[in-house]
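>>> Structure for this input, please:
(one chain, ligands or ions: 1)
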Amino acid sequence: MNLKNVDHIGIAVSNLQESLSFWETSLGIELHGLEEVTEQHVRTAFLPIGGTEIELLEPTSPDSTIAKFIEKRGEGLHHIAIRVDDIEVALVELKAKGVQLIDETPRGGAGGTRIAFVHPKSTHGVLLELCERKK
Ligand code: ZN
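Numbers count the residues shown, from 1 in each chain. The predicted model follows:
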């Protein structure tokens, strides 16, 4: 399925501005961009570091999966995203191998990406995002 790299690491936060002050001020990482992903009821901030990025996710609605995550487990590591060449090919391959998928078809992510989540039951506890970026 041609995995590229760890595209980003997603962190669930209650307050994006407060969280940004840690990443920007304390660590000195420059903010790459803010974006609201209405489909997923989140506001995101991307902070590039090395060849990957930190993605901060703040819920914009109580219905957001991020809001439910924070309510249940508190702020913290939410998912790891691996970049793939072709997300459809990756999903077909994983399904054929009996991997439990949350998304059998890709959905829209931040930055014009197409994403799909793999269930933590199949990954031994980690929510895994597959992420395809426009060429
Ligand atoms: Zn992500």
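>>> can you give me the helices in the protein?
Assigned by DSSP state H, the helices in the chain fall at 16-20, 65-73, 87-96, 120-123.
>>> Give me the contact list for the third one.
Just to be clear, that refers to helix 87-96. With contacts defined as C-beta atoms under 8 Å, 6 or more residues apart in numbering, helix 87-96 is touched by 1-2, 84, 101, 103-106, 114-116, 118, 130-132. The way it works is simple: take the backbone N, C-alpha and C, and place the C-beta from them, glycine included.
>>> Show me which of those are buried.
Listed as buried from these are 84, 101, 106, 114-116, 118, 130-132; burial here means 16 or more other C-beta atoms under 10 Å.
>>> could you dump the helices of the chain to CSV with distance to Ser26 and mean neighbour count?
Compiled in CSV, the helices of the chain are given as follows (distance: least, C-beta to C-beta, whole Å; neighbours: other C-beta atoms under 10 Å):
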stretch, distance to Ser26, mean neighbour count
helix 16-20, 10, 15
helix 65-73, 21, 15
helix 87-96, 35, 16
helix 120-123, 30, 14
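>>> The ion is nearest to which of these?
Ranking the helices of the chain by their distance to the ion (criterion: C-beta to the ion) puts helix 65-73 first, at 10.5 Å.
>>> near the ion at all, that closest one?
No: Helix 65-73 stays out of contact with the ion when judged by C-beta under 5 Å from the ion, the minimum separation being 10.5 Å.
>>> quick check: mean pLDDT across that helix?
Average pLDDT, helix 65-73: 96.
>>> How far away from the center of its chain is it?
A distance of 14 Å separates the C-alpha centroid of helix 65-73 from that of its chain, computed with C-alpha atoms, centre = their mean, to the nearest Å.
>>> Give me the residues contacting it.
The set of residues external to helix 65-73 that reach it, using C-beta under 8 Å, 6+ apart, is 12-14, 40-42, 57-59, 61, 78.
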